[in-house]
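Asker: Okay, predicted coordinates and the sequence, questions at the end:
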Amino acid sequence: MIRTGAQYRDSIRDGREVYINGERVKDVTTHPMFKPLVDIRARIYDMQHDAKTRSLMTYSEGGEDFSIGLKLPYTQADWWEKRRATDAVFHDIGGVVTRVGDETVGEMWSLFDGQDVLNEVDPQFSENIKNHIDKVIKHDPFHVSANTDPKGDRSKRPQDQDPDMLLHVVKETDKGIVVRGAKYETAAAYANQAFTKPTIANWGDEKLSDYAVGFICDLSSPGLKFISRTGFAGRAPAEDYPLANKFDEIDSLVVFDNVLIPWENVLFYRHTKA
């Protein structure tokens, strides 16, 4: 399927807990500091339906159209198709944005290529990756990554610091794992899901760690809080600062407060090798 801009906007009107300048945001699609980027992402979705750009933005398979940005690349021609779609987007919007989803789903392709390593740990992990790639193609979500950890004391292992600063697993249930901690991520406040993984890999010689966890997080999940930095939009006249007013991609501290991650969304867990 290929989404419309209206469907995207509706998908992030989900009651998520977003704060900016110390105030809770009622609707990220209309807030003046988020709206410019939400509008751009909505326009990219609509370009998949626009008669002028549809052939560049989509591909057909099994009688259905899908986003070219989400297509698994197997040949050089596949990459050129993505390049032409990206050029069409930049020409249409009149600038450059980097967090619109297609750049992040590529991380899943690298895990797809690393199935042999994950299979040594747990074959279910690589199966979850395959299933997730398929879901992304079929449902066309705004997919980002939550990589950056709060830095803390880099000389210490994650478990030797404030236990709730870095993202980690606090318990297992029949439904999935429960995680707590924080991440920094661009565009998280107005995206649908995030590939969440550690960037601090100071495990020492440990083979297992509750901090070694990667998963897909639905960004409407209960227990998530987004504390966003002040945006540039509206802070100065648009005629003087046209790019800052239109293309500022807002970063957020994403706080996970006992968030349940279903087992089918877990991509690796506890095994530091993964």
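Answerer: Yes, it's here. Numbers count the residues shown, from 1 in each chain.
Asker: Please name the residues that touch Arg9.
Answerer: Listed by CB atoms under 8 Å, 6 or more residues apart in numbering, the contact partners of Arg9 are Thr29, Val38, Ala42. Just so you know, the C-beta spots here come from the backbone N, C-alpha and C atoms, and that holds for glycine as well.
Asker: please redo it, this time with the cut-off set to 10 Å
Answerer: Counting by CB atoms under 10 Å, 6 or more residues apart in numbering, Arg9 makes contact with Asp27, Val28, Thr29, Thr30, Val38, Asp39, Arg41, Ala42, Tyr45, Tyr190.
Asker: thought the third one was touching Ala42?
Answerer: Yes. At 8.3 Å, Thr29 counts as touching Ala42 under the criterion of CB atoms under 10 Å.
Asker: so what sits against both of the two?
Answerer: Any residue near both Thr29 and Ala42 by CB under 10 Å, 6+ apart counts here, and that gives Tyr8, Arg9, Lys35.
Asker: which element is Ile177 on?
Answerer: Element membership for Ile177 (DSSP states H and E) is strand 176-186.
Asker: er, Val255 actually
Answerer: Taking DSSP H and E as the definition, Val255 sits inside strand 251-262.
Asker: The spatially most central residue of the chain bridge partners, please.
Answerer: Centrality entry for the chain: nearest residue to the mean C-alpha point is Val144, 1.5 Å, by CA atoms, centre = their mean. Beta-bridge partners for Val144, by DSSP bridges, are Ala194.
Asker: need the contact list for it.
Answerer: By CB under 10 Å, 6+ apart, the residues touching Val144 are 99-101, 103-105, 185-196, 217, 219, 249.
Asker: at 8 Å what do you get?
Answerer: When contacts are taken as CB under 8 Å, 6+ apart, Val144 is in contact with Arg99, Gly101, Thr104, Glu185, Thr186, Ala187, Ala188, Ala191, Gln193, Ala194, Phe195.
Asker: Quick check on the residue lying closest to the fourth one once chain neighbours are set aside: phi, psi?
Answerer: What it means is Glu185. Sequence neighbours aside, Ala146 is the residue nearest to Glu185 in space, at 4.3 Å (criterion: CB to CB, 6 or more residues apart in numbering). Phi and psi for Ala146, reported as degrees, to the nearest 10, are phi -110, psi 90.
Asker: shouldn't Ala146 be in contact with Cys217?
Answerer: Yes. Proximity of Ala146 to Cys217 meets the contact threshold set by CB atoms under 8 Å, at 6.9 Å.
Asker: Please say which of the two ends up with more neighbours.
Answerer: Ala146 (27 against 24; other CB atoms under 10 Å).
Asker: thinking again about what came up before, please tabulate the contacts of Arg9 in CSV, including the columns distance to Asp116.
Answerer: Shown next, in CSV, are the contacts of Arg9 (distance: CB to CB, whole Å):
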residue, distance to Asp116
Asp27, 45
Val28, 40
Thr29, 42
Thr30, 47
Val38, 40
Asp39, 42
Arg41, 35
Ala42, 39
Tyr45, 35
Tyr190, 36
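Asker: Now do the strands in the stretch 151-274 of the chain.
Answerer: 168-172, 176-186, 193-196, 208-218, 224-228, 251-262, 266-271 (DSSP state E, counting those that start in this stretch).
Asker: Excluding residues flanking it in the chain, which one is nearest Ile33?
Answerer: In this structure residue 33 is Met, not Ile. Gly231 (3.2 Å).
Asker: Could you count how many residues lie near the one you found?
Answerer: 22.
Asker: cool, and the one 3 residues further on?
Answerer: Gly234 has 14 neighbours, counted by other CB under 10 Å.
Asker: Wait, Glu264 touches Asn128, no?
Answerer: Yes. Counting by CB under 8 Å, Asn128 is a contact partner of Glu264 at 5.9 Å.
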